[in-house]
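Chemist: mind looking at a prediction? Sequence and model below.
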Amino acid sequence: MSTVVIAPELQKFLEVVRAELSDLDAEEQREITDGLVADLTDLIDDQGIEALGDPVAYAAELRQAAGLVSARKQVRERVAVGIRVHAVLDAAKARCRHVLEGLPGDVDELLTSLQPAWWVVRAYIAVQSVLLSSGGWSLSPVPDDSISGALALLVVVAASVQLGRGRLWPLTRWSGSALLRVVVLAINLIAIGLVPAVAGGFENREWDNYDAGYSDGMNEATGAYAVDDAGGTLFASGLPVGNIYPYDAAGNPLVGIQLFDQHGNPIQVKGKNECVYEGPEEVLTDTSRVFFPWSDGAAQRWNVFPLPSRIQGADVAEPDPTAFTGTNRPAVSGFPFVAVPKVSLPGLLTSAATTPPKAFVPGARTEDVNLVESGC
Amino acid sequence: MDTTQLLKGVLDLTVLAVVEGEDGYGYDIVRRLRDGGLSDVGDASVYGTLRRLYTAGALTSYVVPSESGPHRKYYGITPTGRDQLKQQRDDWSVFSTTVSTILEGVPA
């Protein structure tokens, strides 16, 4: 009953059916046309070649019964979805308009004229958000405080404005498409949603400043800034050291002691000027106590202690090199103790230095210690 | 009346019932449906229905090679297909009874 040779009419018929189903994927096509040759051959055997009918209608019937949606129909449905989306958005827009129209002062027109400003703002938010999400937690008004940040901002602003005007290439291809409209709506909503984050980023900037101050304070307190460009400020118990007063193991004052740390770096105390107060009511005078470095004959040495000092006009901030030849010569003074307790360790010998009485001015300091950078 | 629309609703049910009786290939099933009285049934509709029921797991299929002609694709019913058939048979029974009752109650 079956014919080995497929009739040319059937061949043609099958070609058209397959072409009609060509939008289906290969698996679906094979699934739906498999066995068709045998079935149609039987049909022809039974009822003759004219029973084949219209291949296009046949394919449509086959497709419909098999529940396979045509790709062309899917396109139509996408278009239909697009129309529905447009309708929903248009309705929402109309409702907003209606509400705005009820407000005094033509708010609707005001908002419309503010639209370009929003295009710029959302671009700004976008750039800053990217910076925030890429690890930063604080923001500067110009992104990243850099030229590249400013350039990126310019580019994104331009893109955002073009998008707002519906001129952003290559999106112009889809202008008027519901998808683009939804995407733009989403962009706007996301931008609005990111406003608090970006604002928070700016607030954090203040914390950054606070942090900087805090870490400076910490550094000062821990002596991390022990050496500054002026030759070093030493801290003890969080307070700047103005001078160092060494005593020998016997507890007697020493003068002209050179100090170095474990790296061989001189431990310097650049004696800061001290304001001088005089009289029973401690009136600030226009003079200050100025400290002088020792000298190795070639350079000033700020690591030799105690630093000598003299009281001079507050307007001379820097130690005057000629001071040692004048009448008001700097002298070592201000040892806090006449003598301190002896110290010793079993088996350890100590230096035996003798300090001539004229090496320093005996007696405790009369003025308060009040270190200043310069002047009073 | 045009029975095409009515046929659409019962095609799954009738195809399942025919295949439950005995495995068959596409044209064979069309013929059995027509012999059963559904003379208007389109073969493409039946083939499409067979593929759909197969995809849904109600039918299995196997190919039987033919020495003299193109191979034939046979379909058999699965347990899922049997459940579906039973369900649809009951539904049809209730539905047709209801429709008949309504029609009998309407004065001609």
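Modeler: Structure received. On a predicted model such as this, the values are computed, not experimentally measured, just so you know.
Chemist: C-alpha from now on. contacts and neighbour counts both.
Modeler: Will do.
Chemist: grab the nearest non-local neighbour of whatever residue of the stretch 101-250 of chain A ends up closest to chain B.
Modeler: In the stretch 101-250 of chain A, the residue that lies nearest chain B is residue A:179 (32.6 Å; Cα to the nearest Cα). Beyond its immediate neighbours in the sequence, the residue positioned closest to residue A:179 (Cα to Cα, 6 or more residues apart in numbering or on different chains) is residue A:82, lying 7.2 Å away.
Chemist: same check, this time on residue B:61
Modeler: For residue B:61, ignoring the flanking residues on the chain, the nearest one in space by Cα to Cα, 6+ apart is residue B:75 at 4.4 Å.
Chemist: burial check on residue 29, number of neighbours?
Modeler: By default, I'm working from chain A. If you count neighbours by other Cα atoms under 10 Å in any protein chain shown, residue A:29 ends up with 14.
Chemist: correction: the question concerned chain B.
Modeler: Other residues within reach of residue B:29, judged by other Cα under 10 Å, total 25.
Chemist: that one should be in a strand, yeah?
Modeler: No - secondary structure of residue B:29, determined by DSSP: H, G, I helix; E, B strand; the rest coil: helix, with no strand assignment.
Chemist: which of the residues in the host helix or strand of the residue nearest to residue A:179 are buried?
Modeler: Here residue A:82, judged by DSSP states H and E, is contained in helix A:71-101. By neighbour count, and taking 16 or more other Cα atoms under 10 Å in any protein chain shown as the criterion, the buried residues in helix A:71-101 are A:82, A:85-86, A:89, A:100.
Chemist: could you say what helices and strands that helix packs with?
Modeler: Where contact means 3 or more Cα pairs under 8 Å, 6 or more residues apart in numbering or on different chains; DSSP states H and E, helix A:71-101 is packed against helix A:107-133, helix A:178-222.
Chemist: look up phi and psi at residue A:275.
Modeler: For residue A:275, the backbone dihedrals (degrees, to the nearest 10) come out as phi -70, psi 150.
Chemist: any idea which residue of chain A lies closest to chain B?
Modeler: Closest approach between chain A and chain B, counting by Cα to the nearest Cα: residue A:66, at 3.9 Å.
Chemist: closest one to residue A:147 among the helices and strands packed on helix A:71-101?
Modeler: Of all the helices and strands packed on helix A:71-101, helix A:107-133 sits nearest to residue A:147, with 13.6 Å by Cα to Cα.
Chemist: just the element for residue A:288, please.
Modeler: Per DSSP H and E: residue A:288 is located in strand A:283-291.
Chemist: buried residues in that strand?
Modeler: Taking 16+ other Cα under 10 Å as the basis for neighbour counts, the residues of strand A:283-291 that come out buried are A:287-291.
Chemist: show me the shaky parts of the chain.
Modeler: By default, I'm working from chain A. Along chain A, the parts satisfying pLDDT under 70 run over A:1-5, A:70-79, A:135-146, A:175, A:204-233, A:271, A:279-280, A:314-319, A:321, A:364-376.
Chemist: nope, chain B
Modeler: For chain B, the stretches with pLDDT under 70 are B:1-2, B:106-108.
Chemist: for it, just list every one of the strands.
Modeler: Assigned by DSSP state E, chain B shows strands spanning B:24-25, B:59-64, B:72-77.
Chemist: okay, the ones you listed in a markdown table with distance to residue A:261 and mean neighbour count next?
Modeler: Formatted as a markdown table, these follow (distance: least, Cα to Cα, whole Å; neighbours: other Cα atoms under 10 Å in any protein chain shown):
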| stretch | distance to residue A:261 | mean neighbour count |
| --- | --- | --- |
| strand B:24-25 | 101 | 22 |
| strand B:59-64 | 91 | 16 |
| strand B:72-77 | 95 | 22 |
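Chemist: with distance to residue B:103 added, can I get the ones you listed in a markdown table?
Modeler: As requested, the strands of chain B are arranged in a markdown table below (distance: least, Cα to Cα, whole Å):
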| stretch | distance to residue B:103 |
| --- | --- |
| strand B:24-25 | 36 |
| strand B:59-64 | 35 |
| strand B:72-77 | 34 |
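Chemist: just the residues contacting stretch A:96-106, thanks.
Modeler: Residues outside stretch A:96-106 that contact it (Cα atoms under 8 Å, 6 or more residues apart in numbering or on different chains) are A:107-108.
Chemist: now do stretch B:24-39
Modeler: The list of residues contacting stretch B:24-39 from outside it, by Cα under 8 Å, 6+ apart, reads A:35-36, A:39-40, A:42-43, B:14-15, B:18-19, B:40-43, B:46-47, B:50, B:72-76.
Chemist: distance of residue A:340 relative to residue A:253?
Modeler: When Cα to Cα, to the nearest Å is the yardstick, residue A:340 and residue A:253 sit 8 Å from each other.
Chemist: next: residue A:194.
Modeler: Going from residue A:194 to residue A:253 by Cα to Cα gives 68 Å.
Chemist: tell me which of the two has more neighbours.
Modeler: For residue A:194 against residue A:253, the residue with the higher neighbour count under other Cα under 10 Å is residue A:253, and the figures read 24 against 17.
Chemist: ok, and the closest non-adjacent residue to the more buried one?
Modeler: The spatial neighbour of residue A:253 that comes closest, neighbours along the chain excluded (Cα to Cα, 6+ apart), is residue A:247 at 4.4 Å.
Chemist: follow-up on the earlier one: what is in contact with residue A:340 and residue A:253 at once?
Modeler: residue A:247.
Chemist: which residue ranges make up each domain of chain A?
Modeler: Each structural domain of chain A that the record assigns through automatic domain parsing is listed here as a residue range: A:8-68, A:115-208, A:223-376.
Chemist: hey, what's the nearest residue to residue B:25 once chain neighbours are set aside bridged with?
Modeler: Spatial nearest neighbour of residue B:25, chain neighbours left out: residue B:74 (4.1 Å); criterion: Cα to Cα, 6+ apart. Residue B:74 has these beta-bridge partners by DSSP bridges: residue B:25, residue B:62.
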